[in-house]
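Colleague: okay, structure incoming, though there's no sequence with it:
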Ligand code: ADP
Ligand code: ASP
Ligand code: MG
């Protein structure tokens, strides 16, 4: 039995937490491979090491040398080594790191040093080999080179038998360090699980598994005991950031189950993520959402008969490297839901002009400040009246629905509301589907 265990930022935040991790690893000899994040926040208002490193990068760009932000990084790591009473010369590793950051002048390299240093310390603490991610995780054209990575990483892991691997980064075609997007240590864990053919990918975090909605919006939501890969993908993509939404792909290919566990309550069962799950009595599995979207709305009589209408608009979006999230459409209407960040700095005005020239719509509008809320669950297709319950709950909360998209997967319904109504809508939907059904608390 081989388990790959990934520990997130809060789990790695200080020496005491790292001792906890050592205890968790010591309890189960199948926990052979450990992937770590950089230390996160220890308390509200504290800084994440990765954020301090991005600040360090700005300092280097401005003055050529590391400054105050890196001093904070160094102090955090020195303190961790002290708390752990390790005979590890962190001072000289930090000096080498500062010099390398100044030499490389690369944002990805600088950001990756949190995971690098954390993994070096964890390897010392556990007495387990450190496996350098830059030597075994490869990017090509800005994306993970999966096949090359699985071969190299799998061989290295098998040769070590046990290892601590820094999360979040690998190297590109030129050998330079390259990071995944934020939260990407989850992807490293999944890639490692796939490379070694693990029996289980344990993702250790600071909550007892996946909750039915964001605990920062609804206090103490019920826990989800089992999720399918597809439900996880929908929920995490739509903002339930317990796990990075891309971390599903490597493990799904090999049917490797994921168990989400709480470092601070290891006895809690957590959430199992499986290829398929037995249909539960619950209609909705979970709710997730994200704010700050915009909707481009197009109307044109007989649009349905105009061949290539959507294609022309999509080409314009692609030419501006803009991806869209959803495309709800009617007979003579079409909308594109886009992350508002894409439309800043005059981009909307340009798009409006180009789209108007290309397809001559009767109407083209931009609806801004939209939040999307996804209601996800395999059970929704079986239950009559799910949409009626959903929209009645939102209406009763006094919220106006600006957009609806029922995914063709029939696994989700996505509702757009004004940003300012986001939390209120999530609470109303949660109350409808979870407070009226019998809750299934996590043990
Ligand atoms: P880590 O540092 O371990 O990677 P993250 O901060 O990335 O942890 O993810 C865990 C956090 O995700 C939780 O502390 C919680 O605030 C947040 N979160 C958002 N939505 C959910 C949800 N549906 N269930 C559980 N946690 C959620
Ligand atoms: N440390 C990185 C971040 O803060 C990666 C991770 O924690 O997964 O985004
Ligand atoms: Mg995370």
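Modeller: Right, received. Where do you want to start? Values in this document were obtained by computation on a predicted structure and should not be read as measured data. Ligands and ions are numbered 1, 2, ... in the order given.
Colleague: helices and strands around the one helix or strand residue 423 maps to, which ones?
Modeller: According to DSSP states H and E, residue 423 maps onto helix 422-430. When contacts are defined as 3 or more CB pairs under 8 Å, 6 or more residues apart in numbering; DSSP states H and E, helix 422-430 sits against strand 286-299, strand 363-376, helix 386-396. To be clear about C-beta, it is placed using only N, CA and C from the backbone, and glycine gets the same treatment.
Colleague: comparing the ones you listed, which comes out most buried?
Modeller: Most buried of the helices and strands packed on helix 422-430 by mean neighbour count (mean count of other CB atoms under 10 Å) is strand 286-299; its value is a mean of 22.
Colleague: what mean pLDDT would you report for it?
Modeller: Mean pLDDT, strand 286-299: 95.
Colleague: how far away from the center of its chain is that strand?
Modeller: 18 Å (CA atoms, centre = their mean, to the nearest Å).
Colleague: spit out the contact partners of residue 226.
Modeller: 271-274, 277-278, 280 (CB atoms under 8 Å, 6 or more residues apart in numbering).
Colleague: which SS class is residue 175?
Modeller: Here residue 175 takes the coil state, with states given by DSSP: H, G, I helix; E, B strand; the rest coil.
Colleague: may I have the phi/psi pair for it?
Modeller: phi 90, psi 0 (degrees, to the nearest 10).
Colleague: circling back to that earlier point, could you dump the helices and strands packed on helix 422-430 to JSON lines with distance to residue 346?
Modeller: Below are the helices and strands packed on helix 422-430 laid out as JSON lines (distance: least, CB to CB, whole Å):
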{"stretch": "strand 286-299", "distance to residue 346": "14"}
{"stretch": "strand 363-376", "distance to residue 346": "13"}
{"stretch": "helix 386-396", "distance to residue 346": "34"}
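Colleague: which among those is found nearest to ligand 1?
Modeller: strand 286-299 (6.1 Å; CB to the nearest ligand atom).
Colleague: tell me the angle whichever helix or strand comes after that closest one makes with strand 363-376.
Modeller: Per DSSP H and E, the first helix or strand lying C-terminal to strand 286-299 is helix 309-319. Note on geometry: by axes from the mean of the first three to the mean of the last three CA atoms, to 10 degrees, helix 309-319 and strand 363-376 are set 80 degrees apart in direction.
Colleague: for the helix or strand following helix 309-319, give the mean pLDDT please.
Modeller: Downstream of helix 309-319, the first helix or strand assigned by DSSP H and E is strand 333-339. Average pLDDT, strand 333-339: 94.
Colleague: by contact count, what packs against strand 333-339?
Modeller: By 3+ CB pairs under 8 Å, 6+ apart, strand 333-339 packs against strand 286-299, helix 309-319, strand 403-406.
Colleague: can you lay out the ones you listed as JSON lines showing distance to residue 181?
Modeller: Shown next, in JSON lines, are those (distance: least, CB to CB, whole Å):
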{"stretch": "strand 286-299", "distance to residue 181": "15"}
{"stretch": "helix 309-319", "distance to residue 181": "21"}
{"stretch": "strand 403-406", "distance to residue 181": "24"}
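Colleague: picking up where we left off before, please identify which of the contacts of residue 226 is nearest to residue 106.
Modeller: residue 273 (33.9 Å; CB to CB).
Colleague: number of residues surrounding that closest one?
Modeller: 28 (other CB atoms under 10 Å).
Colleague: kindly report the same for residue 246.
Modeller: 18.
Colleague: what is the burial count for the closest residue to it other than its chain neighbours?
Modeller: Leaving out its chain neighbours, the residue that sits closest to residue 246 by CB to CB, 6 or more residues apart in numbering is residue 187, at 5.5 Å. Other residues near residue 187 number 26, with proximity taken as other CB under 10 Å.
Colleague: for the helix or strand where residue 187 lies, name the packing helices and strands.
Modeller: Assigned by DSSP H and E, residue 187 falls within helix 185-196. In this structure, helix 185-196 makes packing contacts with strand 3-7, strand 31-36, helix 146-160, strand 163-166, strand 200-205, helix 248-253, judged by 3+ CB pairs under 8 Å, 6+ apart.
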